[in-house]
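[1] here's my sequence, what's the structure:
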Amino acid sequence: MLATLKIVAGAALLLAATLLHAGERLIHREHSAYNGTLLVSEDSRGLRVLRFAEGGARQSVVMPGDPDHLELAYVRALPAALAWVPRPRRILVVGLGGGSIPRFLHHRLPDVVIDAVELDPGVVKVARELFDVREDDRLRLHVADGRAWIEATPQRYDLAVLDAYGASAPPPALITREFLAAVRSVLTDEGLVVGNLWHRDFNPLYDDMVRTYLEVFGEVSVISLEGVGNKLVLSGPAAAQPERDELLRRAAVLGRDLGLRHDLDRLLRAGLRPPDSQERAGRVLT
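    Numbers count the residues shown, from 1 in each chain. So this is what the prediction gives:
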């Protein structure tokens, strides 16, 4: 019986490995009460990938030991938020994944305090043990429901990053008018919220989600990303300014100051735009 169980377990591991992308090997698998299965793989370069299902989307990609390595397109674009908020003092990240965003911000912004909130304790465990996320007095990981945590916190943030996804979609409670109103209430007077949204080709609620940002914040900018299904939506008091040319100038400076390995100025120049007619015609989610 024991031998049979070992064969079955080995076959299951082999099946999972075959469902990964070519060149990746499975290094960790565990059950999650919130996300079904947590799968961590590693490719030939040493990049580690977090997925929530066999063959599922890459939730996070991290190079252990190198917080400056930004692999996914939307993560590469996210530092552009600092063109709107040049000197944040406190940053909130909702949705941890492998921690590529808080790791980078923690490494490159030494005067900033970062709170990262994640519902799934398994994700936090994996981020700590396999994705090189190190907590200290400037980077704090909180195992909590993101909406409940935001509604209860007394803190105010200069920048809020909304990046909470399950295997196929963000939690419904984190895309409503009521949730975004709670996010607005924890922003400073010159704060900004950045949402990572899957585009309408992959997400039937995409236009509704952008419309809901417009309803709550009034000002919205979109960063379209070439060749991928993600869009970044930026809202809040800071979204009303500065002008496009000044944003591009700041992005060029940011690229140098942050030691980015990609051209943030070009990315912003190609992708920054106001909401289109379909996005404006969405319905408000409640």
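[2] all strands in the chain, in order from the N-terminus.
    Using DSSP state E, the strands of the chain run over residues 25-32, 36-42, 48-51, 60-62, 90-94, 113-118, 139-143, 157-162, 187-198, 220-224, 230-235, 272-273.
[3] run the chain-centre distance for the fourth one.
    Okay, so that is strand 60-62. Mean-position distance between strand 60-62 and its chain equals 10 Å (C-alpha atoms, centre = their mean, to the nearest Å).
[4] likewise the shortest one?
    Using C-alpha atoms, centre = their mean, we find the averaged C-alpha position of strand 272-273 to lie 19 Å away from the chain's own average C-alpha position.
[5] list the neighbouring strands of that strand plus their orientation.
    Strand 272-273 sits in its sheet next to strand 220-224 (antiparallel), going by DSSP bridges.
[6] likewise for the third one?
    According to DSSP bridges, the neighbouring strands of strand 48-51, each with its direction, are strand 36-42 (antiparallel), strand 60-62 (antiparallel).
[7] closest to residue 81 out of the strands of the chain?
    Of all the strands of the chain, strand 187-198 sits nearest to residue 81, with 4.9 Å by C-beta to C-beta. No exception for glycine: its C-beta is placed from N, CA and C like everyone else's.
[8] list the buried residues in the closest one.
    Across strand 187-198, burial judged by 16 or more other C-beta atoms under 10 Å covers 187-188, 191-198.
[9] what mean pLDDT does it have?
    The average pLDDT for strand 187-198 rounds to 96.
[10] for stretch 220-237, same thing?
    94.
[11] gap between the two ends of that stretch?
    10 Å (C-alpha to C-alpha, to the nearest Å).
[12] roughly how far is it from the heart of the chain?
    How far stretch 220-237 lies from its chain's middle: 12 Å, per C-alpha atoms, centre = their mean.
[13] would you map the helices across the stretch 1-150 of the chain?
    Under the criterion DSSP state H, counting those that start in this stretch, helices of the stretch 1-150 of the chain are mapped to 2-18, 73-77, 81-84, 100-108, 121-130, 146-152.
[14] where among these is average confidence lowest?
    Minimum mean pLDDT among the helices of the stretch 1-150 of the chain: helix 2-18, a mean of 40.
[15] could the buried residues of strand 187-198 be laid out in CSV, adding distance to residue 221?
    Formatted as CSV, these follow (distance: C-beta to C-beta, whole Å):
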residue, distance to residue 221
187, 15
188, 18
191, 14
192, 10
193, 11
194, 10
195, 11
196, 14
197, 13
198, 18
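[16] what's the most distant pair in those?
    Maximum pairwise distance among these (C-beta to C-beta): 28.1 Å, between 188 and 198.
[17] rewinding a little: how about TSV for the strands of the chain, with distance to residue 75 added?
    Shown next, in TSV, are the strands of the chain (distance: least, C-beta to C-beta, whole Å):
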stretch	distance to residue 75
strand 25-32	21
strand 36-42	17
strand 48-51	13
strand 60-62	8
strand 90-94	12
strand 113-118	14
strand 139-143	16
strand 157-162	10
strand 187-198	9
strand 220-224	12
strand 230-235	9
strand 272-273	17
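[18] any idea which of those gets closest to residue 179?
    Per C-beta to C-beta, nearest to residue 179 of these: strand 157-162, 8.9 Å.
[19] okay, the angle between that closest one and helix 100-108?
    If you take axes from the mean of the first three to the mean of the last three C-alpha atoms, to 10 degrees, strand 157-162 sits at 150 degrees to helix 100-108.
[20] renumber starting at 367 from here on
    Understood, numbering begins at 367; the last thing we discussed is strand 523-528.
[21] report the angle between strand 523-528 and strand 596-601.
    If you take the same axes, to 10 degrees, strand 523-528 sits at 150 degrees to strand 596-601.
[22] distance check, the closest residue to residue 512 other than its chain neighbours against residue 413.
    Here the nearest residue to residue 512 in space, its sequence neighbours aside, is residue 460; by C-beta to C-beta, 6 or more residues apart in numbering that works out to 4.1 Å. For residue 460, the distance to residue 413 equals 24 Å [C-beta to C-beta, to the nearest Å].
[23] highest mean neighbour count out of the strands paired with strand 414-417?
    Among the strands paired with strand 414-417, strand 426-428 has the highest mean neighbour count (mean count of other C-beta atoms under 10 Å), at a mean of 25.
[24] pick the one among the buried residues of strand 553-564 closest to residue 445.
    Closest to residue 445 out of those is residue 560 (10.2 Å), distances taken as C-beta to C-beta.
[25] does that closest one really touch residue 445, like I thought?
    No - contact criterion C-beta atoms under 8 Å: residue 560 and residue 445 do not qualify, at 10.2 Å.
[26] all set now, cheers.
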